[in-house]
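>>> this one's structure only:
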């Protein structure tokens, strides 16, 4: 789980345009928020590694997953509006977010 979040967080810095493209238009400072969320994702993933900080890392990941949920909704809206062929994946991602939250929650124990 840690590797997934560290890799995904690093991708925010390598390919920020992907994440900027799914930011809800009402959010200010979109580029900055992409970098902040990437940094939080990396930090949360790294905190999952040592047992002493695993609980904190898991709660950070849960908070992040909740915070980015509007971007997942926006991605589905964008894909629907443009008749994107991967709309099904964007829609599947919405309930899958709760699976990821549950998975992170398992690390809080």
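Nice, I can see it. Keep in mind that this is a model prediction, so the values were computed, not measured.
>>> Just to check, residue 12 is in contact with residue 37?
Yes: using CB atoms under 8 Å, residue 12 makes contact with residue 37 at a distance of 6.3 Å. No exception for glycine: its C-beta is placed from N, CA and C like everyone else's.
>>> which residues are common contacts for those two?
Residues touching both residue 12 and residue 37 (CB atoms under 8 Å, 6 or more residues apart in numbering) are residue 19.
>>> Next, the buried residues of the longest helix along the chain.
Assignment by DSSP state H gives helix 87-106 as the longest helix of the chain. For helix 87-106, a neighbour-count test (16 or more other CB atoms under 10 Å) marks 87, 90, 93, 100-101, 104 as buried.
>>> got it, and stretch 5-13?
For stretch 5-13, the buried set under the neighbour-count rule, 16+ other CB under 10 Å, comprises 5-6, 9, 12.
>>> just to revisit the earlier point, now distance to residue 19 and pLDDT too, for the buried residues of helix 87-106, in JSON lines please.
Shown next, in JSON lines, are these (distance: CB to CB, whole Å; pLDDT from 0 to 100):
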{"residue": "87", "distance to residue 19": "18", "pLDDT": "97"}
{"residue": "90", "distance to residue 19": "14", "pLDDT": "96"}
{"residue": "93", "distance to residue 19": "14", "pLDDT": "94"}
{"residue": "100", "distance to residue 19": "16", "pLDDT": "96"}
{"residue": "101", "distance to residue 19": "19", "pLDDT": "97"}
{"residue": "104", "distance to residue 19": "19", "pLDDT": "96"}
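>>> Going by distance to residue 55, which of the buried residues of stretch 5-13 wins?
Nearest to residue 55 among those, counting by CB to CB, is residue 5 at 15.1 Å.
>>> Tell me who's in contact with the nearest residue in space to residue 66 that is not next to it in sequence.
Excluding the flanking residues, the one nearest residue 66 by CB to CB, 6 or more residues apart in numbering is residue 101, at 7.2 Å. Residue 101 makes contact with 62, 65-66 under the criterion CB under 8 Å, 6+ apart.
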